[in-house]
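>>> Have a look at this prediction, sequence included:
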Amino acid sequence: MISNLVFKNTVLFSVLLMLACSSQKGQGIRDKAEVGMQNKESRTQNSEIKTGADNSTTYLPLLKDKKVGIVTNQTGILSNKTHVVDFLLDKKINLIKIFAPEHGFRGTADAGEHVVDGKDSKTGLPIISLYGDNKKPKPEQLAGLDVLLFDLQDVGARFYTYISSLHYIMEACAENNIRLIVLDRPNPNGGIVDGPILEKEFISFVGMHQIPLLHGLTIGEYGKMINGEKWLKNGVQCNLTVIPCLNYKREMFYGLPVKPSPNLPNDQAINLYASLCLFEGTNVSVGRGTEKQFQIYGSPFLPKSDFSFTPIPNFGSKEPMHKNQLCYGEDLTQAPKVHQLELKWLIKAYNSTSDKSKFFIPFFTKLAGTKKLQQQIEAGTSETEIRKSWEKGLKDFKEMRKKYLIY
């Protein structure tokens, strides 16, 4: 009887085990299928969206028989991977000059690196740097142009300098009576509007306007805001035309086809960029000198942990912070997508650093656009209370922002 009972129990256990495994296997298949569907949806959305550069039937007639300049870099590509410069030349547009922002025309220069004028080896066109001796085109550099095109991929953060370049381009065009055509591109961070409003006394090239840290606009919408709010010098306004994206809604996922700059290598880095870039105003590395820029953070002054990295010179940084030093911190490469400006990592690092008096550097105030954020963190103010202090500014900005939305 005992052996029969054991046999029956064994058979029952085996059946239950097979059912459990089958269930887990089925769940695994479903999970993979769901991920596959999400990836397929992302790819489908990307393939359906036509950027302003792809919307060529709208802007090519505006360039006919005109002398044209263009502000662009490696992000100025069409859906077929053709660069907009090559496309314009193929269409016999009289393109005579290229203007390049921070990181240069090919997008290979370090952040903050002085970029000089030159000539494009492929097309032979002259390249005027807007991140060297002058960030605003000089009248003699614009002489002879009838129209200027602008095609740069922004990422939706106040301190990402392509919108600062847009400001100066608009100002120069207004002062020299040149039409500006912005080829719009989706904001990969969608409609996220968050963070402290920049205060007027902290205006710099990494923050030129009194807006929140995440503005939730496409670069075309941002140009409309600059014009509409009369933020250009002496209140001048630019003769601005925005060529819109087609089949695009702000809530759509948009994965960038190329890196917008050397240290934003993928969608994860772009999503975390605004939150982690605040570390650039501290003694904490955001992974420059690794291949996980803006997806990790750490320093020699944080507690030892299971995760560490050692920055070394590479394609993204010739002199990375804490070069050749072991840094402890946190790996966020698999962190869930953020939908706001996250402060938790900054607060955690400050609270655990070995010497709080050396944590912040003066650049933090420029990035934050206010002294208050540093003061709040140093005072131990909770993230909830910090966010409450942004509420009125964000509400007022969102109301103003409505006037300029295209999508």
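Done, it's in.
>>> can you pull out the strands in this structure?
In the chain, the strands defined using DSSP state E lie at 67-72, 94-100, 118-119, 126-129, 147-151, 179-183, 193-197, 212-215, 240-243, 296-299, 308-309, 327-331.
>>> Can you add distance to residue 81, mean pLDDT and mean neighbour count and give the ones you listed back as a markdown table?
C-beta coordinates here come from the backbone N, C-alpha and C atoms, glycine included. Compiled in a markdown table, those are given as follows (distance: least, C-beta to C-beta, whole Å; pLDDT from 0 to 100; neighbours: other C-beta atoms under 10 Å):
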| stretch | distance to residue 81 | mean pLDDT | mean neighbour count |
| --- | --- | --- | --- |
| strand 67-72 | 15 | 97 | 22 |
| strand 94-100 | 19 | 95 | 21 |
| strand 118-119 | 23 | 79 | 12 |
| strand 126-129 | 21 | 92 | 19 |
| strand 147-151 | 15 | 98 | 25 |
| strand 179-183 | 16 | 98 | 24 |
| strand 193-197 | 32 | 98 | 21 |
| strand 212-215 | 29 | 98 | 25 |
| strand 240-243 | 19 | 98 | 20 |
| strand 296-299 | 30 | 98 | 25 |
| strand 308-309 | 33 | 98 | 18 |
| strand 327-331 | 32 | 98 | 20 |
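>>> Residue 403 reaches residue 228, doesn't it?
Yes: with contact defined as C-beta atoms under 8 Å, residue 403 reaches residue 228; the gap is 6.3 Å.
>>> Could you provide the strands of the chain in TSV, with additional columns for distance to residue 370?
Putting the strands of the chain into TSV (distance: least, C-beta to C-beta, whole Å) gives the following:
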stretch	distance to residue 370
strand 67-72	30
strand 94-100	31
strand 118-119	38
strand 126-129	31
strand 147-151	29
strand 179-183	29
strand 193-197	5
strand 212-215	10
strand 240-243	29
strand 296-299	22
strand 308-309	31
strand 327-331	25
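>>> Residue 359: which of those strands is closest?
Of all the strands of the chain, the one in closest proximity to residue 359, counting by C-beta to C-beta, is strand 296-299 (9.1 Å).
>>> residues in contact with the residue most central in space within the chain?
What sits nearest the mean C-alpha location of the chain, by C-alpha atoms, centre = their mean, is residue 155, with 2.6 Å. With contact taken as C-beta atoms under 8 Å, 6 or more residues apart in numbering, residue 155 is in contact with 187-189, 260, 264, 270, 273-274.
>>> how about the helices of the chain, start to end?
Taking DSSP state H to define them, one finds helices in the chain at 2-48, 56-63, 84-90, 139-142, 162-175, 219-228, 267-277, 344-352, 363-368, 372-378, 383-388, 391-401.
>>> List the buried residues in the fifth one.
What that stands for is helix 162-175. 162-175 (16 or more other C-beta atoms under 10 Å).
>>> if we can go back for a sec, ok, now how distant is the closest residue in space to the residue nearest to the centre of the chain that isn't next to it in sequence from residue 90?
Of all residues not flanking residue 155 in the chain, residue 270 sits nearest, at 5.3 Å (C-beta to C-beta, 6 or more residues apart in numbering). Distance, residue 270 to residue 90, by C-beta to C-beta, to the nearest Å: 30 Å.
>>> Give me the more crowded residue out of those two.
residue 270 (25 against 9; other C-beta atoms under 10 Å).
>>> How confident was the prediction at that one?
Looking at residue 270, its pLDDT reads 98.
>>> cool, and residue 6?
For residue 6, pLDDT reads 38.
>>> Also the one 10 residues further on?
Residue-level confidence at residue 16 comes out at 36, pLDDT.
>>> Same question for residue 61.
98.
>>> Most neighbours among the contacts of residue 155, which one?
residue 274 (28 neighbours).
>>> Could you find the closest non-adjacent residue to that residue?
Residue 274 sits nearest to residue 157 (C-beta to C-beta, 6+ apart), 4.3 Å away.
>>> Now for residue 124, how many residues are close by?
Residue 124 - counted by other C-beta under 10 Å - has 7 other residues nearby.
>>> ok, it to residue 194 distance?
44 Å.
>>> picking up where we left off before, hey, least reliable of the helices of the chain by pLDDT?
Note on the helices of the chain: helix 2-48 shows the lowest mean pLDDT, a mean of 42.
>>> give the contact list for the residue nearest to residue 89 when sequence neighbours are not counted.
Once flanking residues are discounted, residue 89 sits nearest to residue 95: 5.9 Å by C-beta to C-beta, 6+ apart. Residue 95 sits next to 68-70, 85, 88-89, 125 when contact means C-beta under 8 Å, 6+ apart.
>>> Throw the residues you listed into TSV and include distance to residue 363, thanks.
Output for the contacts of residue 95, formatted as TSV (distance: C-beta to C-beta, whole Å):
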residue	distance to residue 363
68	37
69	33
70	32
85	34
88	38
89	40
125	35
